[in-house]
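> The following block contains a protein sequence and its predicted model.
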Amino acid sequence: MPDKMILSSDSHVFEPPDLWTQRIDSAFKSRAPRMQRVGDADHLVIEDGQMIAGIGLISNAGARYEAPETISDHARFEDVHEGGYEPGQHLKDMVIDGVYGEVLYPSQGLFYYKVADPLLFSAICRTYNDWLGEFCSADPDRLKAIAMINVDDVADAVGELERTAKLGFVGAMIAEYPLEERRYDQPDYEPLWAAAAALNMPLSLHTATRRVQSNSALVERTVHDASRRATKVFLPAISMCDMIFSGVFERHPNLRLAIVEFELSWVPYVLTNMDYTYRERNEEAQYRFKGDTLPSDFFARNVYLSFQEDEVGIRLRDRIGIDGMMWGSDYPHSESTFPRSRQVLDEILREVPEEERAKIVCHNTARLYGFDLERISQPPAV
C-alpha cells in the first residue's frame with residue numbers, strides 16, 4: 001500500500017537522559033530519575049541508586065529484523081535512535097517508515113509507574129508532559145501527545161488532565177492496572193472519568209505501566225518473566241472489565257478507553273465471557289445496565305485497541321469490531337515494525353478489503369485523536 005496514508009496510534013519518544021535531573025520541580029531534584037552507566041550498559045536509576053530498568057527493549061528498533069538474538073535489556077544511550085529525542089529526526093524517520101502522523105507515548109516514563117512515592121511520581125509526570133508538549137510543537141498536526149497521569153490522587157490526576165488538554169494533548173495514559181486496593185471500579189475515580197469525557201481526552205492503558213510502587217524492578221531474569229509477558233493482556237483486560245461491570249461507560253457515555261500494545265486476538269474470548277457472566281452470574285455482575293444492554297455493547301462503543309501485527313486478530317476482526325482497531329508501529333522500541341511498517345501491513349492485511357484497511361491503519365486513529373487528514377496528506381518536508 002505505498003500510496004496510502006497510515007497513522008501510528010502507538011509510537012514513542014525516548015526522553016533525554018537529563019530530562020528529569022534538569023527540569024523536575026526543585027523539591028524533587030535530589031530524587032529525580034536519571035540514566036546511569038552500569039558496566040557497559042545504561043540503566044534507569046531512581047532515588048538512592050535503585051535501578052528500575054535497562055533501556056535495551058525501549059531503544060533498538062530494527063534489531064528484530066537484523067539480529068533478534070541480540071535483543072536485551074542492556075543497551076547504551078549512544079545506540080538509541082536520535083529520532084526518539086530529536087523531533088526533526090523523528091519526522092525524518094516517519095518519512096522513512098511511510099507514516100504520516102503519530103500518537104506519542106513515553107519510553108522511560110513507562111517504567112516510572114513503579115515509583116513508590118506518589119508525589120515524586122506526579123512530579124515525574126508533569127516534567128515529562130511539559131517536555132513532550134515542546135517536542136510535539138515541531139509539527140502538532142503530525143505529532144499528537146499523550147500525557148502521563150498519576151491516579152493515586154484523583155484530584156491531582158484531574159488537574160493534570162485539564163492542564164495538558166490546554167497544552168493541546170489528545171489523551172492521557174493511566175496505569176494499566178492500578179494499586180490492587182484502588183481498582184477502576186472504585187467510585188473515587190468518578191471525577192476523572194467525567195473530566196476525560198468532558199475534555200474529549202481518551203484514556204489509555206499502555207503495556208508496562210502497572211502501578212506496583214517499587215523502585216527496584218531490575219532483578220535477575222527467570223522463566224516467570226516470560227510467563228508474565230506471554231499473559232500480559234490479563235491486567236488491562238481486568239481493568240477494562242472493572243470499568244464496564246461497574247457501569248463507568250453507562251454513566252459516562254462519551255468516555256473513550258484505548259488499550260495499547262496488547263494486540264487483538266484476546267478480545268473475542270473476553271467479550272464472550274463478559275456477556276456470559278452478566279447474563280448468568282447476577283451475584284457477581286451486580287451492577288445492572290439499563291434495558292437489554294450487554295457488556296460487549298460498551299466495549300463496541302467505548303473501547304479502542306492499538307495493535308502492531310496480530311494476524312490472528314485481523315482474521316477475527318468482525319467479532320472484535322473494525323471501528324475500534326488501530327495500528328501502531330511502536331517506534332523506536334525493540335518490537336517496533338520500523339523501518340518496515342508498510343511491508344508488515346501489506347502482509348497482515350493482504351486479504352482485508354480496502355475500506356476496512358483504511359479504517360484500521362488511518363481513519364480510526366484520526367477520528368479518536370483528531371488528525372486532520374487534509375493537513376497531513378503530504379509527507380513532512382524534512
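Good, I have the coordinates. Numbering: from 1, shown residues only.
> What distance do you get for residue 83 to residue 104?
11 Å (C-beta to C-beta, to the nearest Å). C-betas here are computed from N, CA, C, even on glycine.
> And for residue 382?
For residue 382 relative to residue 104 (C-beta to C-beta), the value is 17 Å.
> neighbour count winner among those two?
Comparing residue 382 with residue 104 by neighbour count (other C-beta atoms under 10 Å), the higher total belongs to residue 104, at 22 against 13.
> Three-state assignment for residue 262, please.
coil (DSSP: H, G, I helix; E, B strand; the rest coil).
> ok, longest helix in this protein?
helix 118-136 (DSSP state H).
> The next helix or strand after it pairs with which strands?
Past helix 118-136, further along toward the C-terminus, the next helix or strand under DSSP states H and E is strand 143-148. Strand 143-148 pairs in its sheet with strand 101-105 (parallel), strand 171-174 (parallel), by DSSP bridges.
> which other residues reach the shortest one?
Going back to what we said before, that points to strand 171-174. 103, 105-106, 146-149, 151, 157, 160-161, 164, 192, 196, 201-206, 209, 258, 260, 369 (C-beta atoms under 8 Å, 6 or more residues apart in numbering).
> if you set the cut-off to 7 Å instead, what comes out?
105, 146-149, 151, 161, 164, 201-206, 209, 369 (C-beta atoms under 7 Å, 6 or more residues apart in numbering).
> ok, now stretch 258-265?
Stretch 258-265 is contacted by residues 10, 202, 204-207, 232-233, 236, 240, 303-307, 310, 312-313, 316, 320, 325, 330 when judged by C-beta under 7 Å, 6+ apart.
> I'd like the average pLDDT over it.
The average pLDDT for stretch 258-265 rounds to 97.
> Distance from the chain centre to that stretch, please.
How far stretch 258-265 lies from its chain's middle: 9 Å, per C-alpha atoms, centre = their mean, to the nearest Å.
> hmm, back to that, show the buried residues in the contacts of stretch 258-265.
10, 202, 204-207, 232-233, 236, 240, 303-307, 310, 313, 320, 325, 330 (16 or more other C-beta atoms under 10 Å).
> From those, which land in helices?
Short answer: those in helices (DSSP H) are 236, 240, 313, 320.
> For residue 214, state which of those is nearest.
Comparing these against residue 214 with C-beta to C-beta places residue 236 closest, at 19.4 Å.
> Just the strands from the stretch 151-300 of the chain, written as ranges.
Ranges of strands in the stretch 151-300 of the chain, per DSSP state E, counting those that start in this stretch, are 171-174, 203-206, 257-260.
> Name the strands paired with the last one and say parallel or antiparallel.
The reference is to strand 257-260. Partners of strand 257-260, by DSSP bridges, with direction: strand 203-206 (parallel), strand 303-307 (parallel).
> Turn the ones you listed into a markdown table, columns for mean pLDDT and distance to residue 296.
Listed next are the strands paired with strand 257-260 as a markdown table, based on pLDDT from 0 to 100; distance: least, C-beta to C-beta, whole Å:
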| stretch | mean pLDDT | distance to residue 296 |
| --- | --- | --- |
| strand 203-206 | 98 | 18 |
| strand 303-307 | 98 | 10 |
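> got these as a markdown table, with distance to residue 373 columns?
As requested, those are exported to a markdown table (distance: least, C-beta to C-beta, whole Å):
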| stretch | distance to residue 373 |
| --- | --- |
| strand 203-206 | 22 |
| strand 303-307 | 18 |
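> nearest to residue 92, of these?
strand 303-307 (23.4 Å).
> Any idea how far that closest one is from the middle of the chain?
10 Å.
> again, but for stretch 232-249
On C-alpha atoms, centre = their mean, the centre of stretch 232-249 falls 16 Å from that of its chain.
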